[in-house]
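Undergrad: sequence plus the predicted model coming up.
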Amino acid sequence: MTNVLAIAQKELKSYFASPIAYIIIGFFALVFGYFYFVSITFFIQASLQMGMPGAGQINVNSMAIRPLLQNVSVVALFVLPLITMRTYAEEKRSGTIELLLTSPLTDAQIVLGKFFGAVALYTLMLAVTWIHIGILFIYGNPEWKPILTGYLGLLLMGASFLSIGLLISSLTRNQIVAGMVTFAVLLLLWTLNWMSESSGPTTQKVLSALSITERFDDFSKGVIAVSHLVYYLSFITFGLFLTAKSVDSERWRG
């Protein structure tokens, strides 16, 4: 475990050694701030209309926070390939992958270390957005449980995306190719639920079971189902397993 943490720390430092981490976190915070402003503005307008005769009650979690987190999940679709595209591709391009593969480290340690480093950066991105949520708690009274489950869903879904990104990055030495292919694969996974709506009953069940968006939607509602946790953890494990196999084949080719 010490070797895994050492690699994760090295990966995290490498992100901040270049402008990439600051640009990604800054962009993510800027876009989150925009969606936060739009969601709160919409909620305030709806609150004012609630005072009119015949208006019902509204909830800040369902009217503002849930749409906000769903928008953030879309932003993650674009941002996370930027994190993973350099993990292996850059090492192959620079030739440092040979030093890494000949070191006394197992493939599993290398893969887990890089994965945890990427997850740590993604966690920092999410942590920055808690400033906005904290302001909401100061001036409002939202329910904290749906917010925590929503962020848990974002973390699990993001970790699943990162595992796929690591796999694709391990298959090429070009960062741009790794980033674009990762985005294409994630976009395909993202649209599975939409494709299931125009397919047959059997295909619809299969595509719905594989859908990432449908499962995250439950997290944003405050629902944590064991099946959803198993799905995300299995997705992550499978992605990292394939990445380890890819690294192992690189070791044999080297």
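TA: Here it is on my side, so go on.
Undergrad: show me the shaky parts of the stretch 1-150 of the chain.
TA: Applying pLDDT under 70 to the stretch 1-150 of the chain picks out residues 50-58, 94-102.
Undergrad: I should have written the stretch 151-254 of the chain there, sorry.
TA: Ranges of the stretch 151-254 of the chain meeting pLDDT under 70: 193-204, 206, 208, 250-254.
Undergrad: please enumerate the helices of it.
TA: Assigned by DSSP state H, counting those that start in this stretch, the helices in the stretch 151-254 of the chain fall at 175-190, 192-196, 201-210, 212-220, 226-253.
Undergrad: tabulate the ones you listed in CSV, adding columns for distance to residue 124 and mean neighbour count.
TA: C-beta: built from backbone N, CA, C; applies to glycine. CSV is the format used below for the helices of the stretch 151-254 of the chain (distance: least, Cβ to Cβ, whole Å; neighbours: other Cβ atoms under 10 Å):
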stretch, distance to residue 124, mean neighbour count
helix 175-190, 20, 17
helix 192-196, 29, 16
helix 201-210, 29, 13
helix 212-220, 20, 20
helix 226-253, 19, 16
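Undergrad: distance to residue 64 for these - can I get that in TSV?
TA: Putting these into TSV (distance: least, Cβ to Cβ, whole Å) gives the following:
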stretch	distance to residue 64
helix 175-190	23
helix 192-196	23
helix 201-210	28
helix 212-220	12
helix 226-253	23
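Undergrad: out of these, nearest to residue 48?
TA: helix 212-220 (24.9 Å; Cβ to Cβ).
Undergrad: check the gap between the residue nearest the centre of the chain and residue 166 for me.
TA: For the chain, the residue nearest the mean C-alpha position is residue 158 (1.6 Å; Cα atoms, centre = their mean). Note on residue 158: its distance to residue 166, by Cβ to Cβ, to the nearest Å, is 13 Å.
Undergrad: equivalent analysis for residue 219, please.
TA: From residue 219 over to residue 166 (counting by Cβ to Cβ), the distance is 23 Å.
Undergrad: before we move on, the earlier item: what sits against the residue nearest to the centre of the chain?
TA: 76, 80, 119, 122, 126 (Cβ atoms under 8 Å, 6 or more residues apart in numbering).
Undergrad: what's the answer for residue 59, then?
TA: By Cβ under 8 Å, 6+ apart, the neighbours of residue 59 are residue 143.
Undergrad: quick one, what contacts the residue lying closest to residue 43 once chain neighbours are set aside?
TA: Distances taken as Cβ to Cβ, 6 or more residues apart in numbering put residue 64 closest to residue 43, at 4.1 Å, once the chain neighbours are dropped. Residue 64 sits next to 39-40, 42-43, 136, 142 when contact means Cβ under 8 Å, 6+ apart.
Undergrad: repeat that for residue 71.
TA: 35, 39.
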